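Participant: A structural model of the following input is requested.
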Amino acid sequence: MKPVEILRGLRNNGITRHLLAHLLSDPELEEKIVYLTAYSWTWDLDYSGLNVQSYRNILIHLYAGFGFLKFPTNEPNICLKRENIFMARVGKNVLQNSLEAFKWMRFGLTVPATLSFLLHSE
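Facilitator: The predicted structure follows:
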């Protein structure tokens, strides 16, 4: 997925929700984990008139409406500022081994060999 940004003059018209609904409507996404990173230094706080926490809450609420949840990570850019966000949407048909690998990936780790054997034997 690519960045989502709406032209300033067209914001607050529901365009983002329609765009996300379209992007996330592909049935194949039910077999995938879609994640997003939201870095506060990219947010248009001046135009929005919001403080960083309010903007963060709006983004979390927006994406939560499409099944995204916040997940912990130690990814350096996310950890650089506590208002940064890492969220993911786990499709209904995602395999357990993919979920396990995603857990390790969020912390920059590879699946341990003992677990790798178990995960690939499904």
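
Participant: For the biggest helix by length in the chain, which residues meet the burial criterion?
Facilitator: Scanning the chain for the helix with the most residues, using DSSP state H, yields helix 52-64. For helix 52-64, the neighbour count (16 or more other CB atoms under 10 Å) marks Tyr55, Arg56, Leu59, Ile60, Tyr63 as buried. Every residue, glycine included, has its C-beta placed from N, CA and C.

Participant: Please apply the same query to stretch 69-85.
Facilitator: Phe71, Thr73, Ile78, Glu83, Asn84, Ile85.

Participant: Out of the buried residues of helix 52-64, the closest to Pro27 would be?
Facilitator: Of all the buried residues of helix 52-64, Tyr63 has the smallest distance to Pro27: 19.6 Å, by CB to CB.

Participant: Make a markdown table from the buried residues of helix 52-64 and add pLDDT and distance to Lys32 to it.
Facilitator: Formatted as a markdown table, the buried residues of helix 52-64 follow (pLDDT from 0 to 100; distance: CB to CB, whole Å):
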| residue | pLDDT | distance to Lys32 |
| --- | --- | --- |
| Tyr55 | 97 | 27 |
| Arg56 | 98 | 25 |
| Leu59 | 96 | 21 |
| Ile60 | 98 | 21 |
| Tyr63 | 97 | 16 |
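
Participant: out of the buried residues of stretch 69-85, which are inside helices?
Facilitator: Ile78.

Participant: would you turn the buried residues of stretch 69-85 into a markdown table with distance to Glu31 and pLDDT?
Facilitator: Listed next are those as a markdown table, based on distance: CB to CB, whole Å; pLDDT from 0 to 100:
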| residue | distance to Glu31 | pLDDT |
| --- | --- | --- |
| Phe71 | 19 | 97 |
| Thr73 | 22 | 96 |
| Ile78 | 25 | 96 |
| Glu83 | 32 | 97 |
| Asn84 | 28 | 98 |
| Ile85 | 24 | 98 |
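
Participant: For Phe107, state which of the buried residues of stretch 69-85 is nearest.
Facilitator: For the buried residues of stretch 69-85, the nearest to Phe107 is Thr73 (6.6 Å; CB to CB).

Participant: who touches the closest one in this structure?
Facilitator: Cys79, Phe86, Arg106, Phe107 (CB atoms under 8 Å, 6 or more residues apart in numbering).
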